[in-house]
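J.: Mind folding the following:
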Amino acid sequence: MSEVDGERRGYQEGFSDLVPGDYDIAARRRKAETTLRVLRDYFGARLAECRVLDVGASTGIIDAYLAPHVAQLLGVDIDTKALAHAREHSQDTSAGYARADALALPVADRSIDVVICAHVYEHVPDAEQLLAEIHRVLKPGGVCYFAAGNRFQLIEPHYRVPLLSAIPRPLAHRLIRRLGIADRYHERIGSRLVPWEPGAVHHLLVMRCPAGLRDAWQAHLRERGVG
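T.: All right, here's what the predicted structure looks like:
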């Protein structure tokens, strides 16, 4: 349990039950194709030698698509049901799955070439600790493929409720209860994210990031003389 801006938040168990889209093969493969194109553009042929960690692997559909293109892939999540689906449908021996906390990743320091963190930060109790863990496990010169939503998008992506992430949180809690979707609005889209301290990570690949995150990270790299 963590407290952010006076609000206590725990872990969001069983997320795949709330959002059945995690089992949508066509939609998940489209996301996987986008991820693969970005990583191929950056790494080229070296991608085949990379160790990849997917933080928030869910049902494993994206990882199943990516696994044949990398040396090794580990998907982690706290959603037991989704991970069972991932293991059941896994056909690539280079891919594995583990139930693990994104705030305490079961991976050695500086051991991963690529961390995929796609639409995860808004679900965890402490987004800054998530970033610190990504920093810890990445090799020098490693990259993080980071994808995130925009707080002011017209349709909130998880529950498809207009402006849910933009309105004050007390009102969002009441609305989500009134609609019978959940007892509270757990996600925090657009929470304050501060670039981690200088260290092993030299590049951050950002797709659809919250306003200011890309600029903040690029400024951080310029200050370090990296990039």
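J.: Keeping just the C-alphas, turn the longest strand anywhere in the chain into CSV.
T.: Among the segments of the chain that qualify as a strand by DSSP state E, the longest is strand 138-147. Extracted in CSV, the C-alpha atoms of strand 138-147 (Å, rounded to 0.1, in the frame of the first residue of the first chain):
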residue,chain,number,x,y,z
LEU,A,138,18.8,-2.5,-17.2
LYS,A,139,22.4,-3.0,-18.5
PRO,A,140,24.5,0.1,-19.4
GLY,A,141,23.1,1.2,-22.7
GLY,A,142,19.9,-0.7,-22.2
VAL,A,143,16.6,0.8,-23.2
CYS,A,144,13.0,0.9,-21.8
TYR,A,145,10.1,0.8,-24.2
PHE,A,146,7.7,3.0,-22.2
ALA,A,147,4.1,3.5,-23.3
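J.: So in that sheet, which strands flank that strand, and in what orientation?
T.: strand 112-118 (parallel), strand 203-207 (parallel) (DSSP bridges).
J.: Would you mind checking which of those scores lowest on average pLDDT?
T.: If you rank the strands paired with strand 138-147 by mean pLDDT, strand 203-207 sits at the bottom with a mean of 46.
J.: mind listing the helices for the protein?
T.: 15-18, 25-43, 61-66, 80-89, 127-137, 169-178, 213-224 (DSSP state H).
J.: Below-threshold pLDDT in this protein: ranges please.
T.: Residue ranges of the chain with pLDDT under 70: 1-9, 11-12, 191-227.
J.: cutoff 50 now
T.: 1-6, 191, 193-204, 206-211, 226-227 (pLDDT under 50).
J.: residue with max distance from the center of it?
T.: Distance from the C-alpha centroid of the chain peaks at residue 178, with 28.5 Å (CA atoms, centre = their mean).
J.: From residue 31, how far out is that one?
T.: Distance, residue 178 to residue 31, using CB to CB, to the nearest Å: 31 Å. Backbone N, C-alpha and C define where each C-beta goes, glycine included.
J.: and if you look at residue 74?
T.: Residue 74 is 18 Å from residue 31, by CB to CB.
J.: More neighbours: those two, which one.
T.: Just comparing residue 74 and residue 31: by other CB atoms under 10 Å the higher neighbour count belongs to residue 74, 21 against 17.
J.: thought that one was touching residue 52?
T.: Yes: in this structure, residue 74 is within contact of residue 52 by CB atoms under 8 Å, at 7.3 Å.
J.: nearest to residue 114, of the helices of the chain?
T.: Residue 114 sits nearest to helix 25-43 of all those, at 6.4 Å, using CB to CB.
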